[in-house]
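Trainee: requesting a structural model of the entry that follows:
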Amino acid sequence: DIPTLINVYQSWSEEAIYVPPSSGGLKAQKKRLKKLKSCSKIISKASRKRLMVHGEWCQRNFISGKSLVRARDVRNQLIDICSRDTSRGGMGWDVNVSCGEEMELVLKCICGGLFLQAASRIKIQVDAKKIQKQATNFRNGRYKTNIGGKEVFVHPTSTMFGRNPAPKCVVYTELLVTKKTYIRGVTQVKEEWLKEVAPQFFR
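Mentor: All right, here's what the predicted structure looks like:
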């Protein structure tokens, strides 16, 4: 789910024009959009066609505009903390460094941050009398948390729901308890990464 959210945010940042209400809001967005669409030397024709104001982009792509703005604010806060000098309480990192197309590095980073919320797929023994029920559980994602040993299921709103075969190992951002216990914010990782990022917990 997290890589999907990253892609959504990236598309929004490239195609939508957002200006906060304190700086002019929709009126300023339309003004900037008009200006960018006239800059043929800076932006390609194909890119200009995709540009639109924040609200229109969110409506067209069925995305919550408030959530994207919140993600933008959090991202800016993280950039400030990470780039700030260590003498001023920051981390002194170069935030312009990118992993580029190396998605495995991103997934390992996610794994490192959520290793306490890892779950492994429960192996199901095939029984001819119960094969349909078992196949449904396998397809929906039936897991056991690595810490605590609680049986959980991938939430239907997750991009991992219905994956067949279901990933062997995942990390998640939250638990939702109803009649069943569901995991949301699910991201597929490799089991060996857990030992790499948290050897004190996984041996």
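Trainee: next SSE downstream of the helix or strand of the chain with the lowest mean pLDDT?
Mentor: Across the helices and strands of the chain, mean confidence by mean pLDDT, DSSP states H and E is lowest for helix 131-140: a mean of 48. The helix or strand immediately downstream of helix 131-140 is strand 142-145, counting by DSSP states H and E.
Trainee: that following strand - what's its average pLDDT?
Mentor: For strand 142-145, mean pLDDT rounds to 92.
Trainee: so what touches that strand?
Mentor: 117-122, 124, 150-154, 166, 170, 183 (Cβ atoms under 8 Å, 6 or more residues apart in numbering). From N, CA and C alone the C-beta is placed, and that goes for glycine too.
Trainee: tell me the buried residues in the longest helix seen in the chain?
Mentor: Ordering each helix of the chain by length in residues (DSSP state H) puts helix 65-83 first. Residues of helix 65-83 classed as buried by neighbour count (16 or more other Cβ atoms under 10 Å): 65, 68, 71.
Trainee: point out where this protein drops to low pLDDT.
Mentor: The model of the chain has pLDDT under 70 over residues 40-48, 124-141.
Trainee: ramachandran angles for Ala118?
Mentor: phi -100, psi 150 (degrees, to the nearest 10).
Trainee: again with Met52
Mentor: According to degrees, to the nearest 10, Met52 has phi -160, psi 170.
Trainee: equivalent analysis for Lys179, please.
Mentor: Phi and psi for Lys179, reported as degrees, to the nearest 10, are phi -70, psi -30.
Trainee: can you list contacts of the helix or strand just after the longest helix of the chain?
Mentor: Later in the chain than helix 65-83, the nearest helix or strand by DSSP H and E is helix 103-113. Contact with helix 103-113 is made by 2-3, 6, 99, 118, 171, 187-189, 193-194, 196-198, as judged by Cβ under 8 Å, 6+ apart.
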